[in-house]
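Novice: I would like the atomic coordinates for the input below:
(2 chains)
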Protein chains: 2
Amino acid sequence: MANPTAAMLVIGDEILSGRTQDTNTGFLAGKLTGIGVALREVRVVGDEQQDIVDAVNALRHRYTYVFTSGGIGPTHDDITADAIAAAFGVPIDVREDARAILATNYRNPGLELNEARLRMARIPDGASLIDNPVSKAPGFRIGNVHVMAGVPAVFHVMVESILPTLTGGQPVQSVTVRFDMPEGAFAGQLAEIAKRNPDLSYGSYPYVRDGVFGSNVVVRGTDKARLEQARLELEAIAAGPAPSG
Amino acid sequence: MANPTAAMLVIGDEILSGRTQDTNTGFLAGKLTGIGVALREVRVVGDEQQDIVDAVNALRHRYTYVFTSGGIGPTHDDITADAIAAAFGVPIDVREDARAILATNYRNPGLELNEARLRMARIPDGASLIDNPVSKAPGFRIGNVHVMAGVPAVFHVMVESILPTLTGGQPVQSVTVRFDMPEGAFAGQLAEIAKRNPDLSYGSYPYVRDGVFGSNVVVRGTDKARLEQARLELEAIAAGPAPSG
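Specialist: Numbering: from 1, shown residues only, chains lettered A, B, ... in the order given. Predicted structure coming up:
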């Protein structure tokens, strides 16, 4: 049976401007791989309602799970919750359970639960909350869409808290064999090997270091013994002289 | 007049598995910002022809420019060129000018231009080549789509070589003011300021460091004097005591 699939939607002008490097996708990808959920697509859009709505609706119908990152804070450019409500065609308003959670964080009179902060208690109808032990303001899940914070420290704890709620598949494992030669030297053999082993997935990820070309060949699969066979076969090629054909 | 727009399409299973962190998008984003082209969307898809075709066709009709990264090497999982040809509905085959360029790199008999390497000379009909001084194998441009390598060192030189061919807009500049307080403390004032200055774009990018909450407020615009006014206004708020309302 094929593993469940997932898409990640990163929301925020700061990623598109190049100001901030998105690292949430890599974090999520590693976690999903570990539970046998296949991340199949990532999109990054800016803080524009229609762009978010279009992306969410394209992804949620196509994949088992969708995860979003960013735009759920108290400032005017935090429009994710409203966009998600629009995507699902449901109302959104301040919800009492979310307000109560926020209130626990704002007992300090210098940090009152003002109008801006109350924006973080706006939750689309029908959503369930995602816990945020770092800064209280919750994320939420609606349908198969999990809406989480963009700040990596908060995103990470939210991902950890939802992982047990996801239905995973067979965890995909991998072995990596480094080839100290240009891809072109072994690409023909690798293609044959990949064809002979359709239960495994072979990828070649080239690099240039100090002007020297090489590649990491990664084999992915769910059967450890088969992966070890694949590793031995590749290591023999990697160790030998570069074939001339 | 609105600035030209762009989308980036990152192609490769290694990004989706979390094995490799994509940095090409950030590099491109910074370069585009510098010439006044607005990166509006990013997608990451795996090494699946239909996924690449769908993404390219969705993006190329929507944005002024599309840039792709990855999947143009010699191995069996390098399917970008064929997918681009399919997206445009044009034939693809080994092209003589591309083969000639590759041949200059494979004069060394140990590095002959074998069948695998010849894959890198497969260019969709109607495309023009993008120079690759690092490892010769060219990228190509077809329509408004620029197809480039995934290896960052190669991607970078390809971007540099195509930048002069793009029609830019007014370069967007930015100022950043750091707020050593949680976003909720200034979000109300920031929303008013953003409303009063519709020619500028205000974004708040929160962080948590050692358990302390703060935010970088970034203002973007094309008029340097206006940005300086905005900086002074924000600095006054950032320096003052956290407002209670």
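Novice: would you mark the buried spots in the biggest helix by length in chain A?
Specialist: Assignment by DSSP state H gives helix A:224-239 as the longest helix of chain A. By neighbour count on 16 or more other C-beta atoms under 10 Å in any protein chain shown, the buried set for helix A:224-239 is A:Arg226, A:Leu227, A:Ala230, A:Arg231, A:Glu233, A:Leu234, A:Ile237, A:Ala238. Where you see a C-beta, it was placed from the backbone N, CA and C, and this is true even at glycine.
Novice: export it to CSV, keeping only CA atoms.
Specialist: What follows is helix A:224-239 as a C-alpha-only set of coordinates in CSV (Å, rounded to 0.1, in the frame of the first residue of the first chain):
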residue,chain,number,x,y,z
LYS,A,224,16.6,-2.9,5.4
ALA,A,225,18.1,-6.0,3.9
ARG,A,226,17.4,-4.9,0.4
LEU,A,227,19.0,-1.5,1.1
GLU,A,228,22.2,-3.3,2.4
GLN,A,229,22.3,-5.3,-0.9
ALA,A,230,22.0,-2.1,-2.8
ARG,A,231,24.8,-0.4,-0.7
LEU,A,232,27.2,-3.3,-1.5
GLU,A,233,26.5,-3.2,-5.2
LEU,A,234,27.0,0.6,-5.3
GLU,A,235,30.2,0.6,-3.2
ALA,A,236,31.8,-1.9,-5.6
ILE,A,237,31.2,0.6,-8.4
ALA,A,238,32.3,3.6,-6.4
ALA,A,239,35.5,1.9,-5.4
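Novice: burial of A:Ala116, as a residue count?
Specialist: 22 (other C-beta atoms under 10 Å in any protein chain shown).
Novice: what's the helix or strand for it?
Specialist: For A:Ala116, the host element (DSSP states H and E) is helix A:115-118.
Novice: can you check A:Val42 too?
Specialist: Using DSSP H and E, A:Val42 falls within strand A:38-45.
Novice: over to A:Ser174?
Specialist: Per DSSP H and E, A:Ser174 falls inside strand A:173-179.
Novice: and what of A:Gln189?
Specialist: Per DSSP H and E: A:Gln189 is located in helix A:187-196.
Novice: can you tell me the SS state at A:Ala58?
Specialist: The assignment at A:Ala58 comes out as helix when based on DSSP: H, G, I helix; E, B strand; the rest coil.
Novice: what's the local residue count around it?
Specialist: Per other C-beta under 10 Å, the neighbour tally for A:Ala58 reads 18.
Novice: so how far is B:Ala58 from it?
Specialist: According to C-beta to C-beta, to the nearest Å, A:Ala58 stands 9 Å off from B:Ala58.
Novice: in chain A, which spans are helices?
Specialist: In chain A, the helices defined using DSSP H lie at A:13-16, A:24-34, A:49-60, A:80-88, A:96-105, A:115-118, A:152-162, A:187-196, A:224-239.
Novice: where are the low-confidence patches of chain A?
Specialist: For chain A, applying pLDDT under 70 flags the ranges A:1, A:106-111, A:241-245.
Novice: contacts only, for A:Gly126.
Specialist: A:Gly126 makes contact with A:Phe88, A:Val90, A:Ile142, according to C-beta atoms under 8 Å, 6 or more residues apart in numbering or on different chains.
Novice: sorry, back to before: give the buried residues for the strand holding A:Ser174.
Specialist: So, applying 16+ other C-beta under 10 Å, buried residues of strand A:173-179: A:Ser174, A:Val175, A:Val177, A:Phe179.
Novice: show me what it is in contact with.
Specialist: Residues outside strand A:173-179 that contact it (C-beta under 8 Å, 6+ apart): A:185-186, A:204, A:214-222, A:224, A:227-228, A:230-231, A:234-235, A:237-238, B:17, B:19.
Novice: pop the domain breakdown of chain A in here.
Specialist: Domain ranges of chain A: A:5-165, A:173-239, per automatic domain parsing.
Novice: hang on, isn't A:Ala86 packed against A:Val53?
Specialist: Yes. With contact defined as C-beta atoms under 8 Å, A:Ala86 reaches A:Val53; the gap is 5.2 Å.
Novice: what does the helix holding A:Ala116 rub up against?
Specialist: Outside helix A:115-118, the residues that touch it by C-beta under 8 Å, 6+ apart are A:Pro74, A:Thr75, A:Val94, A:Arg99, A:Leu102, A:Tyr106, A:Ala137, B:Glu183, B:Gly184, B:Ala187, B:Gly188, B:Ala191.
Novice: if you set the cut-off to 6 Å instead, what comes out?
Specialist: The contact list for helix A:115-118 (C-beta atoms under 6 Å, 6 or more residues apart in numbering or on different chains) reads A:Pro74, A:Val94, B:Gly184, B:Ala187, B:Gly188.
Novice: cool, and stretch A:162-170?
Specialist: Stretch A:162-170 has contacts (C-beta under 6 Å, 6+ apart) with A:Asn3, A:Pro4, A:Ile35, A:Gly36, A:Val37, A:Ile130, A:His146, A:Thr222.
Novice: okay, these in CSV with distance to chain B and neighbour count next?
Specialist: Formatted as CSV, the contacts of stretch A:162-170 follow (distance: C-beta to the nearest C-beta, whole Å; neighbours: other C-beta atoms under 10 Å in any protein chain shown):
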residue, distance to chain B, neighbour count
A:Asn3, 12, 20
A:Pro4, 14, 18
A:Ile35, 12, 17
A:Gly36, 12, 16
A:Val37, 11, 26
A:Ile130, 17, 20
A:His146, 17, 25
A:Thr222, 14, 15
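Novice: which pair in those spans the largest distance?
Specialist: Pairwise distances across the contacts of stretch A:162-170 peak at 28.9 Å for A:Ile130 and A:Thr222 (criterion: C-beta to C-beta).
Novice: quick one: distance of the longest helix of chain A to the chain centre.
Specialist: Mean C-alpha position of helix A:224-239 versus that of the full chain (C-alpha atoms, centre = their mean, to the nearest Å) differs by 29 Å.
Novice: can you give me the angle it makes with helix A:187-196?
Specialist: Taking axes from the mean of the first three to the mean of the last three C-alpha atoms, to 10 degrees, one finds that helix A:224-239 is oriented at 170 degrees with respect to helix A:187-196.
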